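J.: need coordinates for the below:
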Amino acid sequence: MVDSVEFTDIRIADETIEDVVDVLESGRFVKGPLVEQFENRFAAACGVDHAVGVSSGTAAILLSLAAAGVGEGDSVFVPGHTFFASASPVLELGATPVFVDIDPETYTMDPDALATAAAEVERPAAAVPVHIYGGMADMDAIDAIANEYDLFVLEDSCQAHFATRNGSAAGSVGDAGAFSFYPSKNMTVAGDGGMVTTDDADLAENIRMLRNHGRGDEGVHRRLGLNYRLDETNAAVGLNQLDRVRDWSEMRRRAAQRYTDRLADVDEVTTPWVPVDVDHVFHLYVIQVPDREALADYLSNRGVDTGVHYPTPAHRHPAIVSRVETPELPVTEALCDRILSLPMHPRLTDEEVDYVCAAVEEFYR
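T.: As a prediction, the model looks like this:
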C-alpha cells in the first residue's frame, strides 16, 4: 500500500517535544522570544530582511495585501489554477480578483496573460503569482509587467518553501511572500501557521500591527487590525522543522525524478516539466492523464492513494462566481480535468515509487 499524497515529516523529534514542553512550562504562549527567533531564521533562510509570523498562510496573503493598501475598487491578478485561499483574501478586502490563465507546462501564472489583463482593467493594484506544487513562477517576467503597471507583487509561496528560480528563493523576489505551515505542507508547525517575507521594513511593520489588533509598539492601536498571531508552541516546532526541511525537499526531488524516469515511456502520462533554472521542492507530484477517474480507481484498488489538486478552477467556485465576472481560461480548465497527484512525501521509498509506476503502466497496457 502506498498512501499519503500529502505528507509532512511531523514525527516530532525528541528535542522538539522538549522545546514545546519548555514553552508550556514557561507560561508564555504568545508574543514571546521563539516567534521572533523563528522569524529571524526564516528571513535569513529566504534571503530577505524581514519575516513576520502569522496564524496561517491565508492570513499571510490577507495581511500582506492589506498592508500594501489593497482595498475597495482595486484589481488583483490571481491565476485560475490555485487553492481558493489565493483569491478569497482579495474579496475579503473588498478588491476584485481578476483571474488569468496559466502556463501549460509549469501551471504557474502566464506572464503574457497577466500583461493582457493588466492593460484591460481599471485600477490594477496587485498580482499574486502562485508557486504551485513547489515550482516557482516566472518572476522575472512577472516583475517586469508589475513595474510597468505599478503592481504590488505578492508571491504565494505556500507550497514552495525554499524553492528557487534563477538562484532566488521563493518569497524573496516580489514585494512580499506568503507561506503556509499547514500540516500537509513541506514544513509545518504542528498546526496552522504562516509567514510573510519582505525586504520592505514599512510593510513588515504594518503587518506586525495588523496581526496584533493594529497595535504599535507604544500600545496605541494605529490601524484596524485583528488577531492573526503565531504562537510560541508553533514557533518551537517551526524552528526544528527549519533544520530538516531542505533534506526533506531533496528526498522529494529524488522521488520525483524516479517517477519521471519510470513513467517516461507511458505515452498517456504527462509528467511535470521543470525549467532548468528552477529548484523544485515537489510539494506534490502531479501528472496529466486523459482518464483520471478510471486510473485513480485502478490505483486505489491496488492500495495507492491519489488526489486531485485542484478539480475546480479557482474562478469557478460558487463563492467567487456570485461576486465576480467568470472568465474563460482554457488552459486552466483543460488542466483541471486531467491532473492527478501521485503519492509524494520525504519517506517515499524507491520500491514504493516503482510499485506506483508499475500499476500505472499496467493500467495503460
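J.: just confirm Cys158 is within a helix.
T.: No. Looking at Cys158 with DSSP: H, G, I helix; E, B strand; the rest coil, it is coil, so not inside a helix.
J.: so what's the closest residue to it other than its chain neighbours up against?
T.: Counting by C-beta to C-beta, 6 or more residues apart in numbering, Cys158 lies nearest to Ser180, which is 3.7 Å off, once chain neighbours are set aside. Heads up, the C-betas are built off the backbone N, CA and C, glycines and all. Ser180 makes contact with Ser56, Gly57, Thr58, Ala60, Cys158, Gln159, Gly193, Gly194 under the criterion C-beta atoms under 8 Å, 6 or more residues apart in numbering.
J.: now, of the residues you listed, which are buried?
T.: Among these, those classed as buried by neighbour count (16 or more other C-beta atoms under 10 Å) are Ser56, Gly57, Thr58, Ala60, Cys158, Gln159, Gly193, Gly194.
J.: identify the bridge partners of the residue nearest to Cys158.
T.: Counting by DSSP bridges, Ser180 is bridged to Gly194.
J.: let me know the pLDDT of it.
T.: On the pLDDT scale, Ser180 is placed at 98.
J.: and the gap between it and Glu362?
T.: 36 Å (C-beta to C-beta, to the nearest Å).
J.: Arg323 too?
T.: Remark: distance between Arg323 and Glu362 (C-beta to C-beta) = 45 Å.
J.: all strands for the stretch 51-200 of the chain, in order.
T.: Assigned by DSSP state E, counting those that start in this stretch, the stretch 51-200 of the chain shows strands spanning 75-79, 96-100, 124-127, 152-156, 164-165, 168-169, 176-180, 194-198.
J.: a markdown table for those strands, including distance to His317?
T.: Below are the strands of the stretch 51-200 of the chain laid out as a markdown table (distance: least, C-beta to C-beta, whole Å):
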| stretch | distance to His317 |
| --- | --- |
| strand 75-79 | 12 |
| strand 96-100 | 11 |
| strand 124-127 | 20 |
| strand 152-156 | 16 |
| strand 164-165 | 29 |
| strand 168-169 | 30 |
| strand 176-180 | 19 |
| strand 194-198 | 21 |
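J.: among these, which is nearest Met1?
T.: strand 176-180 (28.0 Å; C-beta to C-beta).
J.: quick one: that closest one to strand 194-198, angle?
T.: Inter-element angle recorded for strand 176-180 and strand 194-198: 160 degrees (by axes from the mean of the first three to the mean of the last three C-alpha atoms, to 10 degrees).
J.: ok now strand 176-180, how far from the chain's centre?
T.: Remark: strand 176-180 is offset 8 Å from the chain centroid, using C-alpha atoms, centre = their mean, to the nearest Å.
J.: export it to CSV, keeping only CA atoms.
T.: The C-alpha coordinates for strand 176-180 follow below in CSV (Å, rounded to 0.1, in the frame of the first residue of the first chain):
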residue,chain,number,x,y,z
ALA,A,176,6.4,40.1,-0.3
GLY,A,177,6.0,36.4,0.0
ALA,A,178,3.3,34.4,1.8
PHE,A,179,4.0,31.0,3.3
SER,A,180,1.8,28.4,5.0
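J.: got the angle for it vs strand 152-156?
T.: Angle between the axes of strand 176-180 and strand 152-156 is 20 degrees (criterion: the same axes, to 10 degrees).
J.: all helices for the stretch 151-300 of the chain, in order.
T.: Using DSSP state H, counting those that start in this stretch, the helices of the stretch 151-300 of the chain run over residues 201-210, 232-242, 245-262, 292-301.
J.: make a markdown table from those helices and add mean pLDDT and distance to Asp175 to it.
T.: Shown next, in a markdown table, are the helices of the stretch 151-300 of the chain (pLDDT from 0 to 100; distance: least, C-beta to C-beta, whole Å):
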| stretch | mean pLDDT | distance to Asp175 |
| --- | --- | --- |
| helix 201-210 | 98 | 7 |
| helix 232-242 | 95 | 23 |
| helix 245-262 | 97 | 24 |
| helix 292-301 | 98 | 37 |
